[in-house]
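> sequence unknown, structure follows:
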């Protein structure tokens with residue numbers, strides 16, 4: 001049975017599919033406790049990182065996290081929002097792996113109602129979309145971009161998939177372009193936070 005997903009969580013997942021990464025690292029260090037030194041071998045640290053140049057979007061993401069989890073996170077000096085809470089990390093990565101080649105549209109979104117799908121699309125579009133000239137999404141994730149296309153078809157937005165596009169020093173990427181006829185309706189429906197032109 002598929003878990004129900006809130007609108008806030010659907011948007012959080014959309015943002016993280018576009019701009020998130022799940023980082024696991026291990027370190028060895030010494031720690032002084034009770035006048036003795038202890039060596040900590042392969043201590044695991046884990047976080048989910050979100051980064052976008054648009055500060056309004058980062059603040060919107062913080063508000064979504066607070067509404068969904070009741071926890072306050074902050075923006076670091078380098079503009080990132082890090083989640084280190086293990087319960088929150090587990091809940092997010094249970095929905096989808098993160099990383100530009102790994103993310104997927106979660107089953108909880110794919111099997112949800114139309115408004116939940118719109119909130120997921122808003123998150124993804126705010127992270128990896130543009131409304132300059134034409135309305136487009138970008139991703140290096142071939143499978144993921146086709147899953148986004150599936151959501152758009154369900155919502156009756158005519159669109160095309162282009163790519164792979166190759167440019168020097170960049171991974172090949174794919175583009176979804178919303179048809180000119182449906183662009184205004186799409187933007188009105190999702191009400192993006194940072195890409196409305």
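Noted; the coordinates are in hand. Note that the structure is predicted; figures quoted are calculated from it, not measured.

> quick one, what contacts residue 67?
Under the criterion of Cβ atoms under 8 Å, 6 or more residues apart in numbering, the neighbours of residue 67 are residue 8. Where C-beta positions appear, they are placed from N, C-alpha and C, glycine not excepted.

> That one should be in a helix, yeah?
Yes. According to DSSP: H, G, I helix; E, B strand; the rest coil, residue 67 belongs to a helix.

> Report pLDDT for it.
Here the pLDDT value assigned to residue 67 is 97.

> before we move on, what about residue 41?
In the predicted model, residue 41 carries a pLDDT score of 70.

> go on, residue 26?
With respect to pLDDT, residue 26 scores 77.

> my guess is it is in a strand, correct?
Yes. The assignment for residue 26, made by three-state DSSP, places it in a strand.

> bridging residues for it?
Assessed by DSSP bridges, residue 26 has beta-bridge partners residue 44.

> Do I have it right that it meets residue 46?
No. Under the criterion of Cβ atoms under 8 Å, residue 26 lies out of contact with residue 46, with a separation of 10.0 Å.

> Mind checking which of those two has more residues around it?
The neighbour count for residue 26 versus residue 46, taken as other Cβ atoms under 10 Å, is higher for residue 46 (16 against 10).

> how would you label that one: helix, strand or coil?
In the three-state summary, residue 46 is assigned as strand, counting by three-state DSSP.

> doesn't residue 87 make contact with it?
No. Using Cβ under 8 Å, residue 46 makes no contact with residue 87, being 11.8 Å away.

> all helices of the chain, in order?
7-19, 55-69, 86-95, 107-110, 114-128, 142-154, 180-190 (DSSP state H).

> so of the ones you listed, which one's packed in deepest?
Neighbour counts (mean count of other Cβ atoms under 10 Å) averaged over each of these peak at helix 7-19, with a mean of 25.

> Just the residues contacting that helix, thanks.
Among residues not part of helix 7-19, those counted as contacts by Cβ under 8 Å, 6+ apart are 5, 48, 50-52, 57, 61, 64-65, 67-68, 92, 95-96, 98, 103-106, 108-109, 112, 115-117, 119-129, 139, 144.

> Centre of the chain to it, how far?
For helix 7-19, the separation from the chain centroid amounts to 5 Å (computed by Cα atoms, centre = their mean, to the nearest Å).
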